[in-house]
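> Following is a predicted model, sequence given first.
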Amino acid sequence: MKYTALIAAFLILMMVACAPAQQAAPVQPAAPVVPAQPAQPGVQPAQPAQPAVPGPTPVETKPVPVVSKQMQALLSKADQKVKSYKYLELVIPTKEQPDTISVKGSKVKIRLYEYNDYIATEYFDTVYLDTATKSIVGRCESNQRCVNPQAGDNRKLEWNDLNYDQYRPKTPYEFLKQIPATATIVGPEVHDDRSTIKIEYEEGGKLIQMWVDENYGIPVGIRIVPSSGEELNYKFNDMSFNSLLDKDVTPPALAK
């Protein structure tokens, strides 16, 4: 038994000694170290892309209308030549009986149309306005209607409580100053027996036609045609220029 155990131990040792050794895993060679390349002179390193910043929305600009030299010459005539003027005013169809209007500077005199029906004690026939101070006064100046045996002499009275806006007319000169740069000259035209230059333009959806006195540059007729509704026709008839004195547009002294 002793020898058998020794032989078994010897065989085991031999088997262990003769067994092939386990191969170790191969070692991977280290990656070669690449030296950093020096920056090239004058070459900027690449910058990361910046996000695009939206700019302001472009605004479409419209060309500014330019007034022609012919239009400038026409519109400047009134300032150069007119010191005062007088005319009969009609506005068709709203005012078909003419008032006689005299204008000198800021002073306006209106001789009201004499209607058949009137109240003698309340009657006045003339209105004086000052557009600078927005003042108004009414007077009675007609010898025929203002002096009444029953009502008395209205020439001695003065009406100071009149509504300024109610009587304030829009004068031809004020119409002239509202002509825009977009207006066009249609051409010469005889209007109510006067030599005029016809002008056209659109404003607020309305067609406006204006006949301007060729010599003095003041409108003698205006036609306003809306896109819908009734048109208006301003007629400034029997117009005369530069004949008025200050006393012609100033209230006279009251009768004694």
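Happy to help now that I have it.
> Quickly find the element holding residue 70.
Using DSSP states H and E, residue 70 sits in helix 69-81.
> what mean pLDDT does that helix have?
Helix 69-81 shows a mean pLDDT of 93.
> Do you have the helices of the chain handy? List them.
Here the chain has its helices, by DSSP state H, at 2-18, 69-81, 143-146, 164-167, 172-177.
> Tell me who's in contact with residue 86.
Counting by C-beta atoms under 8 Å, 6 or more residues apart in numbering, residue 86 makes contact with 100-103, 239-240, 243-244. C-beta coordinates here come from the backbone N, C-alpha and C atoms, glycine included.
> For the helix holding residue 70, output the C-alpha coordinates as CSV.
In CSV, the C-alpha atoms belonging to helix 69-81 read as follows (Å, rounded to 0.1, in the frame of the first residue of the first chain):
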residue,chain,number,x,y,z
LYS,A,69,-42.0,123.6,-62.0
GLN,A,70,-45.1,124.4,-63.9
MET,A,71,-47.3,123.6,-60.8
GLN,A,72,-45.0,125.5,-58.5
ALA,A,73,-45.2,128.6,-60.7
LEU,A,74,-49.0,128.3,-60.8
LEU,A,75,-49.4,127.8,-57.1
SER,A,76,-47.1,130.7,-56.2
LYS,A,77,-49.0,133.3,-58.3
ALA,A,78,-51.6,134.0,-55.5
ASP,A,79,-49.0,134.9,-52.9
GLN,A,80,-47.2,137.1,-55.4
LYS,A,81,-50.1,138.9,-57.0
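> I would like the residues contacting that helix, please.
Contacts to helix 69-81, defined as C-beta under 8 Å, 6+ apart, come from residues 67, 173, 176, 179, 183, 185, 197, 199, 212, 215-218, 241-242.
> Tell me the most packed of the residues you listed, by neighbour count.
Counting neighbours by other C-beta atoms under 10 Å, residue 212 comes out on top of the contacts of helix 69-81 with 27 neighbours.
> For it, list each beta-bridge partner.
Under DSSP bridges, the beta-bridge partners of residue 212 are residue 197, residue 219.
> hang on, isn't it packed against residue 195?
No - using C-beta atoms under 8 Å, residue 212 is not in contact with residue 195, being 10.2 Å away.
> Can you report how many residues lie near residue 132?
A count of nearby residues for residue 132, using other C-beta under 10 Å, gives 9.
> before we move on, what about residue 128?
Counted with other C-beta under 10 Å, residue 128 comes out at 19.
> so it makes contact with residue 139?
Yes - applying C-beta under 8 Å as the test, residue 128 and residue 139 come out as touching, 6.9 Å apart.
> Need the overlap of contacts for these two.
With C-beta under 8 Å, 6+ apart, residue 128 and residue 139 have common neighbours residue 251.
> Isn't residue 176 up against residue 220?
No - between residue 176 and residue 220 there is no contact under C-beta under 8 Å: 10.8 Å.
> shared neighbours, those two?
Overlap of the contact sets of residue 176 and residue 220 (by C-beta under 8 Å, 6+ apart) consists of residue 212.
> Who are the contact partners of residue 234?
The neighbourhood of residue 234, defined by C-beta under 8 Å, 6+ apart, consists of 89-91, 175, 219, 221-224.
> Show me what it is bridged to.
residue 91, residue 222.
> now swap in residue 127 and tell me
Taking DSSP bridges, one obtains residue 110, residue 138 as the residues bridged to residue 127.
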